[in-house]
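S.K.: Provided below for reference: sequence and predicted model.
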Amino acid sequence: MDDVSDVAVSTDRIPASDSVIERAPTREEMSELLAGVAAASQSARGRLKALAHVVRVLRHCPWVAGTLRIELERDGEGATLVHLFADDGGRRERVLPSAALDLPLAQLRVVIRSNPDLFAPLQPCDGATESEDGLAFAAAR
């Protein structure tokens, strides 16, 4: 697993790997953490690393049912919206409030392409097409 020392947001509640966590964070704690990722002033790679860690922790939360899906969407203002959903057999539920990263989607796309393992274990969604306006990844629990 990559070192997360260049991540400016607090990662003290985030495990360094996909190992079992002692206590699953609450929805409120995870919302605060995602808001911290969105508000941080760090590189696109650093923010994506922090976001990937948020997703790894969410995979262990009992209040997330089904496949975790992350969608990155261009918002028209030059920022990127982050949406997190759980898909439980066709029923799709928003896991956390959406967050806005003040980074262009095109810049995030370059970082993701040049660091394909950055979002591991997330994989591009089956049937999802990469468009100019968005990207989607999923990680089964």
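M.R.: Structure received.
S.K.: mind checking the end-to-end distance for stretch 74-88?
M.R.: Chord length of stretch 74-88, first to last residue, is 26 Å (CA to CA, to the nearest Å).
S.K.: And it, what's buried?
M.R.: Buried residues in stretch 74-88, counted by 16 or more other CB atoms under 10 Å: 74, 79-87. Any C-beta I mention is one placed from the backbone N, CA and C, and that applies to glycine too.
S.K.: check which helix or strand covers the most centrally placed residue in the chain.
M.R.: Central residue of the chain (CA atoms, centre = their mean): residue 51, 3.9 Å from the mean position. Using DSSP states H and E, residue 51 sits in helix 44-58.
S.K.: Buried residues, that helix. List them.
M.R.: Buried, per 16+ other CB under 10 Å, within helix 44-58: 44-58.
S.K.: Same question for stretch 113-129.
M.R.: Of all the residues in stretch 113-129, those buried under the rule 16+ other CB under 10 Å are 118-119, 122, 125.
S.K.: just how off-centre is it within its chain?
M.R.: Remark: stretch 113-129 is offset 11 Å from the chain centroid, using CA atoms, centre = their mean, to the nearest Å.
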